[in-house]
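Undergrad: how would this look folded up:
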Amino acid sequence: MADTLQNLAIWLSTPHQAMIEIAHDIGYRHVVLDIEHGLFDLEATDRIIALGKALGMTMHAKVLGPEAIPIQQALDMGADSVIIPHIGDVEHARRVTASAKYPTLGTRSFSGTRPARYGGVKPDYYDTENAKTRCYPMIESAAALKDVEAILALPTVDGLFVGPSDLSLDSGRGAYRNTDADKADLKTIAQAARNAGKPWIMPAWSRPERAFAQELGASLMVVADEYGSIWMGLEDAAKP
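TA: Here you go, the predicted structure:
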């Protein structure tokens, strides 16, 4: 089963160690930490990232907001990628994503923490980190969607993470319902990513969403969230 789960991720809203361990044993290898909306303090975030990496999982941190400090903190703890919410137009994306890369590519500040193995580093460390860690601005606003090609062209951007719910709201369509208009936005994003040769990630909670994201070439799909998994498990257990 593990081979079939390589492009699927789980979504945590709390630093739930057991869920990461269970997901790992099932075969999942990617974890998204929703630090923006979830219940993560710094110490708990550091511990859960360390656990996931010790298990060989790829840890994606959806940070608190489009600011330098939360981006750098997640990377200093060893997150493999930062997912950055509330991105506006390309100039906003340019300023924000610079915090995810060391000079001369960006403006990230050095910290001798987990990625540096708590000590000094070799001269090639900064270029290696820039290449190894991923920066995924979210396309969840009308402004970001309009500038999606220019955002993907930024050297500090390694790919995209789609936010369908907020994108629908910001586009004036109200709640996301996977309508034809929602699908048209996804097609635009997918085509732009394909043209740029960069990956994009989709939260695909339903099987129709997952099938559509696969059709469009999503490199990673988030398919199970912490609260929903608990809900479904309890609901299923209550059935006669």
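Undergrad: Contact partners for residue 38?
TA: Contacts for residue 38 (CB atoms under 8 Å, 6 or more residues apart in numbering) come out as 12-14. Where you see a C-beta, it was placed from the backbone N, CA and C, and this is true even at glycine.
Undergrad: which one of these is nearest residue 211?
TA: Using CB to CB, residue 12 is the member of these that sits closest to residue 211, with 24.5 Å.
Undergrad: separation between the closest one and residue 29?
TA: 14 Å (CB to CB, to the nearest Å).
Undergrad: cool, residue 188 as well?
TA: For residue 188, the distance to residue 29 - CB to CB - is 29 Å.
Undergrad: Which of the two has more residues huddled nearby?
TA: When residue 188 and residue 29 are compared for neighbours, residue 29 comes out ahead with 18 against 15, by other CB atoms under 10 Å.
Undergrad: Burial check on the closest residue to that one other than its chain neighbours, number of neighbours?
TA: Using CB to CB, 6 or more residues apart in numbering and skipping the chain neighbours, the partner closest in space to residue 29 is residue 57 (5.4 Å). Residues near residue 57, counting by other CB under 10 Å, number 21.
Undergrad: which residues touch residue 57?
TA: By CB under 8 Å, 6+ apart, the contact set of residue 57 is 20, 23-24, 28-31.
Undergrad: Quick check on these: which are buried?
TA: If you count burial by 16 or more other CB atoms under 10 Å, the buried members of these come out as 20, 23-24, 28-31.
Undergrad: want to throw the residues you listed into TSV with secondary structure and pLDDT?
TA: Output for the buried ones among the contacts of residue 57, formatted as TSV (DSSP: H, G, I helix; E, B strand; the rest coil; pLDDT from 0 to 100):
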residue	secondary structure	pLDDT
20	helix	98
23	helix	97
24	helix	97
28	coil	97
29	coil	97
30	strand	98
31	strand	98
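Undergrad: Could you single out the nearest of these to residue 142?
TA: Among the buried ones among the contacts of residue 57, residue 30 lies closest to residue 142 (CB to CB), at 28.2 Å.
Undergrad: Report the separation between the closest one and residue 220.
TA: 6 Å.
Undergrad: which neighbours do those two share?
TA: Taking CB under 8 Å, 6+ apart as the criterion, residue 30 and residue 220 both touch 8-9.
Undergrad: could you point out the longest helix in this structure?
TA: In the chain, with assignment by DSSP state H, the single longest helix is helix 180-196.
Undergrad: chain center to it, what's the gap?
TA: Distance of helix 180-196 from its chain centroid, counting by CA atoms, centre = their mean, to the nearest Å, is 17 Å.
Undergrad: try stretch 101-115
TA: Centroid separation between stretch 101-115 and its chain, computed with CA atoms, centre = their mean, is 19 Å.
Undergrad: Residues in contact with it: which ones?
TA: The contact list for stretch 101-115 (CB under 8 Å, 6+ apart) reads 46, 49-50, 68, 71-72, 75-78, 97-100, 116, 118-121, 126-127, 129-130, 133, 135, 155-156.
Undergrad: Quick check, central residue of this structure?
TA: The centre of the chain sits closest to residue 83, judged by CA atoms, centre = their mean, with a distance of 4.0 Å.
Undergrad: Now do the helices in this protein.
TA: Taking DSSP H to define them, one finds helices in the chain at 17-26, 42-54, 68-76, 90-97, 125-132, 142-146, 148-152, 164-170, 180-196, 207-216, 226-237.
Undergrad: how about those in JSON lines, adding distance to residue 104?
TA: What follows is the helices of the chain, written out as JSON lines (distance: least, CB to CB, whole Å):
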{"stretch": "helix 17-26", "distance to residue 104": "36"}
{"stretch": "helix 42-54", "distance to residue 104": "27"}
{"stretch": "helix 68-76", "distance to residue 104": "17"}
{"stretch": "helix 90-97", "distance to residue 104": "15"}
{"stretch": "helix 125-132", "distance to residue 104": "9"}
{"stretch": "helix 142-146", "distance to residue 104": "25"}
{"stretch": "helix 148-152", "distance to residue 104": "20"}
{"stretch": "helix 164-170", "distance to residue 104": "33"}
{"stretch": "helix 180-196", "distance to residue 104": "22"}
{"stretch": "helix 207-216", "distance to residue 104": "34"}
{"stretch": "helix 226-237", "distance to residue 104": "39"}
